[in-house]
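[1] Here is a sequence with its predicted model. Questions after.
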Amino acid sequence: MTWVTEMLWRNPFGRRAAEPEPMNKPQEAPDALLRRHSWTVLRPLAVSLGGDERSLVRGPGMEISEVREYQPGDDVRHIDWNITARSDRVYVRESDTERALDVWLLLDLSGSVDWGTADCTKRSGAREFAAVAGRLLGGHGNRLGMLMFAERPLGIVPPGAGHAHLLRALGSIGDVPRQEARAVTDLAGALRHAGSVIRRRALVLVVSDFLAPNGWQKELSKLAARHEVVAVRLHDPREAELPDVGFITLEDPETGCQLTVDTGDRRLRERFQQAAQEQASRVANDLTACGVDGLVLGTDTPLLPELARFLHLRRARKQRRGAALAS
C-alpha cells in the first residue's frame, strides 16, 4: 500500500480541497496537439540540441561494429587513424548498415494516472509526451507501436510509420476510458506482455508513475537486456509534500482505501515528505539497477526543459562511452 501516491483530496464532508483537471474537459484533437508541440517543444528542442528534429534520432546510415586489421582491398576511408597511430599495423572499422528503428510506447493508463493537482493530469502529460516522442522518433522509416495497460493490458497499436499512424495512435489513448475498477496497476504483467509482443530489437519508452507492487523490477531487467529502455516517471507535486489545509481524507484511486489525517500536524507533514523522498529514491535506484535511463515528468513543469535536459545528458553520456571505446 503506497499512501504516497495519487490521492483525491477531500475534507471529512466530501468537498475536494484541491481540484484536479476536470474529467469531462474536451480532449485536444491529435492533429492540434501535434501542431502545438511542433512550435512549443520540437523546434525549440532542435535549436537547443544544435540541428533539426532528425538529428535527435539515429536514421539510416552505418553503425560501428568492430575494429580489425587492414586487408588489401579495404576502403581506406574506413581506416581508424587513432588506433593505427598507436600501433605498428593499420586498422579499419567494420560497419553494419542500420535498419529502421522500432519504437514502443508502454503507457500506464491506470486510475492513479487519471489524477493531478497542478496544470494537468498525469494522463494528459503522458499523452503529450507520446505526441512529442512520436514526432521525434517516427521519421526515417522508423515504426511506432503502443501498448496501453492498467490492472491488465488495455490495447495494442501495432507498429506503423507515418503521420496518419501517429494520429491514430494518439487517438487510441483518448479512446481508453477512465479506469473505475478497484485494482492495482499490473506493471510487471505489462512489461512481461511487452517482452512477448516486441519481436525486433527496439527502443522501449515505459511511461508510468511506477506506483505498483514490487516485481516489475525483474521484468524490466529482462526487457532492458534485449531492448534499449527509457523509463518516463509521471509525478505530481502533491505526491511529495502535503499542504497545511487541516483535516483531509486521502483516497487511493486504485484500491479505494481512505485515510483521514490532520495536515496541520507538522510532524505528519515531515514524515509524509520523508516517505515520499524515500519512495522516489527507491524507484530511481531500481531503474538504475535495471540499466534503464530515467526521465521525470511533473504535472507542474513544462515538458520542454525536462526533455532537453534529459537528451543533453544522454547525448553526453553516449559521447563519453564512445570516446572510452576508441581510447
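    Sure thing, it's come through. Because the structure is a prediction, the values reported are computed rather than measured.
[2] what about stretch 107-120, start to end distance?
    End-to-end span of stretch 107-120 (C-alpha to C-alpha, to the nearest Å): 17 Å.
[3] mind listing what's buried in it?
    107-118, 120 (16 or more other C-beta atoms under 10 Å). The C-beta positions use only the backbone N, C-alpha and C, and glycine is treated the same way.
[4] now stretch 308-318
    For stretch 308-318, the neighbour count (16+ other C-beta under 10 Å) marks Ala308, Phe310, Leu311 as buried.
[5] host element of the last one?
    Just to be clear, that refers to Leu311. Assigned by DSSP states H and E, Leu311 belongs to helix 303-326.
[6] so who does Ile156 touch?
    Gly145, Met146, Leu147, Met148, Val197 (C-beta atoms under 8 Å, 6 or more residues apart in numbering).
[7] circling back: so which of the buried residues of stretch 107-120 belong to helices?
    Residues from the buried residues of stretch 107-120 lying in helices, with DSSP state H as the criterion: none.
[8] So for the residues you listed, which is the shakiest by pLDDT?
    Within the buried residues of stretch 107-120, pLDDT reaches its minimum at Ala118, with 78.
[9] can you tell me how far the closest residue to that residue other than its chain neighbours sits from Glu270?
    Distances taken as C-beta to C-beta, 6 or more residues apart in numbering put Asp300 closest to Ala118, at 3.6 Å, once the chain neighbours are dropped. Distance of Asp300 to Glu270, given as C-beta to C-beta, to the nearest Å: 21 Å.
[10] tally of neighbours for Asp262?
    Applying other C-beta atoms under 10 Å, we find 12 residues neighbouring Asp262.
[11] can you give me the helices in this protein?
    30-37, 43-49, 81-85, 122-137, 163-175, 187-197, 216-226, 266-289, 303-326.
[12] in the third one, what's buried?
    The neighbour-count check on helix 81-85 (16+ other C-beta under 10 Å) flags Ile83, Thr84 as buried.
[13] returning to that earlier point: out of the buried residues of stretch 107-120, which sit inside strands?
    Taking DSSP state E as the definition of strands, the buried residues of stretch 107-120 contribute Leu107, Asp108.
[14] which two in the buried residues of stretch 107-120 are spaced the farthest apart?
    Using C-beta to C-beta, the two most remote members of the buried residues of stretch 107-120 are Leu107 and Thr117, lying 21.0 Å apart.
[15] before we move on, the earlier item: of the helices of the chain, which is nearest Val232?
    The nearest among those, by C-beta to C-beta, is helix 122-137 at 6.1 Å.
[16] where's the most centrally placed residue in the chain relative to Leu144, distance?
    Nearest to the mean C-alpha position of the chain, by C-alpha atoms, centre = their mean, lies Val232 at 2.4 Å. According to C-beta to C-beta, Val232 and Leu144 sit 15 Å apart.
[17] Leaving out the residues flanking it, which one is nearest to Arg314?
    Arg314 sits nearest to Asp293 (C-beta to C-beta, 6+ apart), 6.3 Å away.
[18] I'd like to know how many residues surround the one you found.
    Based on other C-beta under 10 Å, the number of other residues close to Asp293 is 16.
[19] Under the pLDDT cut-off, which ranges of the protein? List them.
    For the chain, applying pLDDT under 70 flags the ranges 1-26, 37, 39-66, 94-99, 181, 317-327.
[20] Could you list the domains of it?
    Segmentation of the chain into domains, based on automatic domain parsing, reads 8-50+100-318, 64-97.
[21] Nearest residue to Glu28 in space, please, no chain neighbours.
    Per C-beta to C-beta, 6+ apart, closest to Glu28 is Arg36, 7.6 Å.
[22] Ignore what I typed, I meant Pro243.
    Pro243's closest residue in space is Thr263 (C-beta to C-beta, 6+ apart), at 6.4 Å.
[23] wait, what's in contact with that neighbour?
    Leu242, Pro243, Asp244, Val245, Gly246, Phe247, Ile248, Arg269.
[24] List buried residues within those residues.
    Leu242, Ile248, Arg269.
[25] list the contacts for the closest residue to the last one other than its chain neighbours?
    Counting by C-beta to C-beta, 6+ apart, Leu242 is the residue found nearest to Arg269 once chain neighbours are left out, at 4.8 Å. For Leu242, the set of contacting residues under the criterion of C-beta under 8 Å, 6+ apart consists of Val261, Thr263, Leu268, Arg269, Phe272, Gln273.
[26] And for Leu191?
    When contacts are counted by C-beta under 8 Å, 6+ apart, Leu191 touches Leu106, Val206, Trp216, Glu219, Leu220, Lys222, Leu223.
[27] gap between the last one and Val230?
    Same thing as Leu223. Going from Leu223 to Val230 by C-beta to C-beta gives 11 Å.
[28] Fine by me, thanks again.
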